[in-house]
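Novice: Pasting the sequence and the predicted model now:
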Amino acid sequence: MDWIQTIIIAIVEGLTEFLPVSSTGHMIIAQNLLGVPQGDPFVHAFTFIIQFGAILSVVCLYWKRFFEFDNTPAPQGSSLWQKLKHKYNFYWILIVGVLPAVVIGLLAKKSGLLDWLLDSVEVVAIMLVLGGVFMLFCDRLFNKGSEDNKVDERRSFMIGLFQCISVIPGVSRSMATIVGGMTQGLTRRRAAKFSFFLAVPTMAGATLLDLLDLLKEDTVWATSHNITMLILGCVIAFVVALLAMKWFVNYITKYGFKAFGIYRIVVGSIIIIMLLMGQSLAMVD
């Protein structure tokens, strides 16, 4: 990967990580358009690792939430475990929510399914269209959230199950978790914010797993150029995601998913038509 490819793909990641359009799917499309070789272990790792740069923007923007503890007294008669859960409830809720993704993600990774999906622009295009059609109607189906509903253990676990669907590129982790939250009675705003929070342990784990896999392989990839590209990609994704995140929360609260659904259908349909016509997506040889 060269400088231009890295910068463009990182911008795409930062813009789309928190939008319900599939950041991984858009990076795969961008890689194809830019002529980035598919199937390369470093390219696979790059796709996940720069997502962590975008995820760090959540911690930066909502740092008070991540370092805020419940110092009120636990209910009388609470055990040590219950007292710990009371004080660190925010982290406990995130752990419960990320558990399904840990199990499904590891199975997909070890089976080779994840690497196969990451090389398939056809899967991305189909899922963009299917997800887009769903998003045209999801506001009417699930727009019954209440400000009185908070994220508890049960809701967190259910949202975590929805997140597992996003192992398929083109689905969108953001869409899956926000819709998952709405099915549990959360408002769009609260569901979107919890989607951001849940992304932190999820993508941190995925990044760590990919780094470990890279280190186990032949370290021929660890050139100064590739390491520089990883750092540059993370920094750009962080900055762009920071700018995009607040806008998204306000937009989705007011207008919902419909515009994103239309966008997904248009982009996915164009790619499918090009593939059916035997046209290459590569703009650069």
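Specialist: Arrived safely, thanks for sending. Numbers count the residues shown, from 1 in each chain.

Novice: The strand or helix carrying V266: which residues count as buried?
Specialist: In the assignment (DSSP states H and E), V266 maps to helix 258-276. By neighbour count on 16 or more other C-beta atoms under 10 Å, the buried set for helix 258-276 is 260-261, 263-265, 267-268, 271-272. Every residue, glycine included, has its C-beta placed from N, CA and C.

Novice: That helix - contacts with which helices or strands?
Specialist: When contacts are defined as 3 or more C-beta pairs under 8 Å, 6 or more residues apart in numbering; DSSP states H and E, helix 258-276 sits against helix 121-142.

Novice: least trustworthy helix or strand in the protein by mean pLDDT?
Specialist: Sorting the helices and strands of the chain by mean pLDDT, DSSP states H and E puts helix 113-118 at the bottom, at a mean of 73.

Novice: now what about that helix, what contacts it?
Specialist: Identification of contacts with helix 113-118 by C-beta atoms under 8 Å, 6 or more residues apart in numbering yields 24, 28, 44, 47, 105, 107-109, 123, 167-169.

Novice: so V167 sits right up against I104, yeah?
Specialist: Yes - counting by C-beta atoms under 8 Å, V167 does reach I104; the two are 6.0 Å apart.

Novice: which residues of the stretch 151-285 of the chain fall in helices?
Specialist: Listed in chain order, the helices of the stretch 151-285 of the chain (DSSP state H, counting those that start in this stretch) span residues 153-163, 173-183, 188-216, 224-255, 258-276.

Novice: Pipe those helices into JSON lines and attach distance to L84 and mean pLDDT per row.
Specialist: Formatted as JSON lines, the helices of the stretch 151-285 of the chain follow (distance: least, C-beta to C-beta, whole Å; pLDDT from 0 to 100):
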{"stretch": "helix 153-163", "distance to L84": "14", "mean pLDDT": "95"}
{"stretch": "helix 173-183", "distance to L84": "25", "mean pLDDT": "92"}
{"stretch": "helix 188-216", "distance to L84": "18", "mean pLDDT": "84"}
{"stretch": "helix 224-255", "distance to L84": "30", "mean pLDDT": "88"}
{"stretch": "helix 258-276", "distance to L84": "39", "mean pLDDT": "92"}
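
Novice: and these, which is most packed in?
Specialist: Greatest average neighbour count among the helices of the stretch 151-285 of the chain goes to helix 173-183 (a mean of 26), per mean count of other C-beta atoms under 10 Å.

Novice: quick one, it and helix 153-163 angle?
Specialist: Helix 173-183 runs at 140 degrees relative to helix 153-163, counting by axes from the mean of the first three to the mean of the last three C-alpha atoms, to 10 degrees.

Novice: Residue numbering should commence at 14 henceforth.
Specialist: All set: I'll call the first residue 14, so the last point we hit is now helix 186-196.

Novice: who's in contact with the closest residue to M140 other than its chain neighbours?
Specialist: Leaving aside its chain neighbours, M140 sits nearest to G183 (2.9 Å; criterion: C-beta to C-beta, 6 or more residues apart in numbering). By C-beta under 8 Å, 6+ apart, the contact set of G183 is 35, 37-38, 136-141, 144, 281.

Novice: Please repeat the previous calculation with a cut-off of 6 Å.
Specialist: By C-beta atoms under 6 Å, 6 or more residues apart in numbering, G183 lies in contact with 35, 38, 137, 140-141.

Novice: Give me the neighbour count for F150.
Specialist: F150 has 12 neighbours, counted by other C-beta atoms under 10 Å.

Novice: Point me to the helix or strand that includes the nearest residue to V134 once chain neighbours are set aside.
Specialist: Leaving aside its chain neighbours, V134 sits nearest to N45 (5.4 Å; criterion: C-beta to C-beta, 6+ apart). N45 belongs to helix 36-46 when elements are defined using DSSP H and E.

Novice: Which elements pack onto that helix?
Specialist: On a contact count with 3 or more C-beta pairs under 6 Å, 6 or more residues apart in numbering; DSSP states H and E, helix 36-46 meets helix 16-29, helix 134-155.

Novice: quick one: contacts of the longest one?
Specialist: Contacts of helix 134-155 with the rest of the structure, by C-beta under 6 Å, 6+ apart, involve 38, 41, 45, 130, 181-184, 192, 195-196, 269-271, 273-274, 277-278, 280-281, 284-285.

Novice: before we move on, back to that, distance of the residue nearest to M140 from H39?
Specialist: 9 Å (C-beta to C-beta, to the nearest Å).

Novice: P86: neighbour count?
Specialist: 9.
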